[in-house]
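Asks: predicted model and sequence below, questions to follow.
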Amino acid sequence: MAMPLVHVDAEVPIDELLRAVRQLYLAELENFVSQVISLRAERVAPSLPPRESSLHREINRGIPFNLGSRYDELIAKRDDEFLSPEEHEELLLLTKEVEHIQAQRIEYLAELAQLRTTSLRELMQELSIGDAPYAVG
């Protein structure tokens with residue numbers, strides 16, 4: 001899988017960096033945000049116990065790019081009412097995959113919250129994690 005490219009100058013002011021990030025598709029943005037959150041976690045707590053470090057890695061893994069990209073594409077087609085029966089079946093399968101990944105993520109978050117003796121909501125706020133971007137409902 002090729003990494004998406006964004007053209008930026010060598011010295012990049014924050015507003016220009018944000019302008020470049022705005023060019024990303026949703027799945028690319030989610031992957032980028034996961035990586036930024038991981039970087040932040042490393043800087044805030046560089047010496048986490050091994051299990052917490054492992055949980056952070058799993059929590060920040062996110063939806064694989066190809067899966068998220070295809071999911072977004074099928075959702076857009078569904079919303080525009082251009083979804084074929086085959087694509088509808090594919091969307092149902094992808095939805096199950098996305099839900100499974102998100103459920104695993106919640107399990108990892110709950111375990112981390114338990115290790116830190118805090119609530120899941122407080123942990124998510126601490127880690128700057130909002131609602132799941134692929135919440136299906």
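Replies: Looks like it arrived, so ask away. Numbering: from 1, shown residues only.
Asks: what ranges do the helices span in the protein?
Replies: Under the criterion DSSP state H, the chain contains helices at 14-21, 26-44, 50-59, 65-79, 85-115, 120-126.
Asks: least confident of the ones you listed, on average?
Replies: Note on the helices of the chain: lowest mean pLDDT is at helix 26-44, with a mean of 82.
Asks: name the residues of that helix that are buried.
Replies: By neighbour count on 16 or more other C-beta atoms under 10 Å, the buried set for helix 26-44 is 27-31, 33-34, 37-38, 41. For the C-beta atoms, the positions are set from N, CA and C on the backbone; glycine is no exception.
Asks: again with stretch 61-75
Replies: Going by 16+ other C-beta under 10 Å, stretch 61-75 has these buried residues: 62-65, 67-72, 74-75.
Asks: what about stretch 35-44, distance to the chain center?
Replies: 14 Å (C-alpha atoms, centre = their mean, to the nearest Å).
Asks: can you check stretch 71-82 too?
Replies: For stretch 71-82, the distance to the chain centre is 20 Å (C-alpha atoms, centre = their mean).
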